[in-house]
Every structure is written in C-alpha cells, then in structure tokens.
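Novice: quick one, structure for this:
(2 chains)
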Amino acid sequence: GEDVEQSLFLSVREGDSSVINCTYTDSSSTYLYWYKQEPGAGLQLLTYIFSNMDMKQDQRLTVLLNKKDKHLSLRIADTQTGDSAIYFCAESNQAGTALIFGKGTTLSVSS
Amino acid sequence: DTAVSQTPKYLVTQMGNDKSIKCEQNLGHDTMYWYKQDSKKFLKIMFSYNNKELIINETVPNRFSPKSPDKAHLNLHINSLELGDSAVYFCASSRGGSTTEAFFGQGTRLTVV
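Specialist: Numbering: from 1, shown residues only, chains lettered A, B, ... in the order given. All right, here's what the predicted structure looks like:
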C-alpha cells in the first residue's frame, strides 16, 4: 500500500534555511502536498506540486520533486521562529480519494 | 468566514458514553473526510464521503459511524467510547477527483476518561 516517510525532528537557527525531506511509494500520485500544523491548530495547506514538475517556488518555500527516487523536499529560506510547527508531507492514495500523510517533521527554530 | 468548521473543539467524556462531532463546510466541495490524529501526531484517514455517499471506510471499529445529511455536512458519531479513542479528530473537505487538496477544520480534541 501507499506509504510516506519523513524524519521526525529538525532543529535550525533563525535565519538559516530548513530542508524537510520526504519519500513516498505511490508513483501514480498526481499531486504531492506539504501541510503545516501549528500547536493546537488544524492543518494548513502550504503548497503542492504536480507530479510532472521538478520544482515549485512560492516566496520563501521551494519544493523539489525527484520522481525517479520518489523523493520530495521542502526548503524554507530565512527560517523564522513563526515557522516552528509540524510539517506533513502527503500524497494521494491510488484511488485519488484521500491523502496519505507522513508522520510529520517537527521543526524547531531557535533565535 | 470559516471554511471547514467542526464542533465541539474540546470534548471530555467518560468511557462507555456516546458522543457526536459535527462538521460543516461552506466551500461547495463534494468530498468530506474524517481523519484521526493520535498522541504521536500521526494522521490517518477514517472515512471519506463523496456527495453524501461513503467511499472510504478504513479499518475503524463499528462504534464509529459517520453520517452525511447533505454534502456540506459530515458528522461523526461514536458509541461506547473507550480510552483508546482519545485523539484529535479532523474534518476536511476537497473538490475530489484526482486533486485531493484538502482543507481542514481546527480539530476536535476528544479525551475519554
């Protein structure tokens, strides 16, 4: 079945770049997603990338997709303390009827 | 205007009770979901409804029963609550189809004591 893996923790200093990595198993996924969850809050869609793209940039966020290796990454430039949160990578299930989430990467930003 | 709203935000109840969580979306989406997030923050799909019809029912105990009175609402009823049901339950909605970009509610933190 589908599976999404990501490392559980990342700690960076304010102003540095953060890179959160994710691997997925379903090569038929049309879109891949990054969601952000702040403490006590719901999930907020940050960005997504279409599977025929290699890269997508949106202000401080850069998503890189290596479809051959089934590897997705999220780079946050100039990381701020407000970026501290859990970041979830997600892909669609094979039927395209639901999202399969990774276990989430907790990003901790120190000043 | 809240896109996906769920009530209550917090629910504390005793084992054995029956409780419901309500969800409404005003985005005009066709598909609605219930996800469960456990204490380790792992998120898993429970149910998915498209135009009021059940399309996903993952391995969830029969004590959990979703009900969709119309495509803007998907409620979750839980019978005979157990300690292990304690979690945060998220409702979400999407346009469906091959793009399952989902919008999430703020979550309901259920604590069973």
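Novice: who touches stretch A:52-62?
Specialist: The contact list for stretch A:52-62, computed with Cβ atoms under 8 Å, 6 or more residues apart in numbering or on different chains, reads A:34, A:46-47, A:49, A:63-66, A:74-78. Every C-beta, even on glycine, is put in place using the N, C-alpha and C of the backbone.
Novice: point to the helix or strand of chain A where mean pLDDT is at its lowest.
Specialist: Lowest on mean pLDDT, DSSP states H and E among the helices and strands of chain A sits strand A:99-101, with a mean of 90.
Novice: that strand close to chain B?
Specialist: Yes: counting by Cβ under 8 Å from any Cβ of the partner chain, chain B has neighbours in strand A:99-101: A:99-101.
Novice: buried ones in stretch B:43-61?
Specialist: The neighbour-count check on stretch B:43-61 (16 or more other Cβ atoms under 10 Å in any protein chain shown) flags B:43, B:45-50, B:56, B:60 as buried.
Novice: quick revisit: top of the residues of strand A:99-101 next to chain B by neighbour count?
Specialist: Counting by other Cβ atoms under 10 Å in any protein chain shown, residue A:99 has the largest number of neighbours within the residues of strand A:99-101 next to chain B, with 28 neighbours.
Novice: lowest-scoring secondary structure element of chain B by mean pLDDT?
Specialist: Ranking chain B's helices and strands by mean pLDDT, DSSP H and E puts strand B:53-57 last, a mean of 78.
Novice: what helix or strand is the residue positioned nearest the centre of chain B on?
Specialist: Residue closest to the average C-alpha location in chain B (Cα atoms, centre = their mean): residue B:34, at 3.1 Å. Per DSSP states H and E: residue B:34 is located in strand B:31-37.
Novice: moving C-terminal from that strand, which element do we reach first?
Specialist: Using DSSP H and E, the helix or strand that follows strand B:31-37 towards the C-terminus is strand B:43-50.
Novice: helices and strands around that following strand, which ones?
Specialist: Contacts defined by 3 or more Cβ pairs under 8 Å, 6 or more residues apart in numbering or on different chains; DSSP states H and E place strand B:43-50 against strand A:99-101, strand B:31-37, strand B:53-57, strand B:64-70, strand B:73-78.
Novice: how about the residues of chain B near chain A?
Specialist: Chain B comes close to chain A at residues B:4, B:31, B:33, B:40-45, B:48, B:50, B:55-56, B:90, B:92, B:96-107, as judged by Cβ under 8 Å from any Cβ.
Novice: residues in a beta bridge with residue A:34, which ones?
Specialist: Beta-bridge pairing for residue A:34 (DSSP bridges): residue A:47, residue A:89.
Novice: which residues does it contact?
Specialist: A:20, A:45-48, A:61, A:63, A:72, A:74, A:87-90.
Novice: please render those residues as CSV that adds pLDDT and neighbour count to the earlier fields.
Specialist: CSV is the format used below for these (pLDDT from 0 to 100; neighbours: other Cβ atoms under 10 Å in any protein chain shown):
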residue, pLDDT, neighbour count
A:20, 97, 21
A:45, 92, 14
A:46, 94, 17
A:47, 93, 17
A:48, 92, 18
A:61, 97, 16
A:63, 97, 22
A:72, 95, 26
A:74, 98, 23
A:87, 98, 22
A:88, 97, 26
A:89, 95, 26
A:90, 93, 27
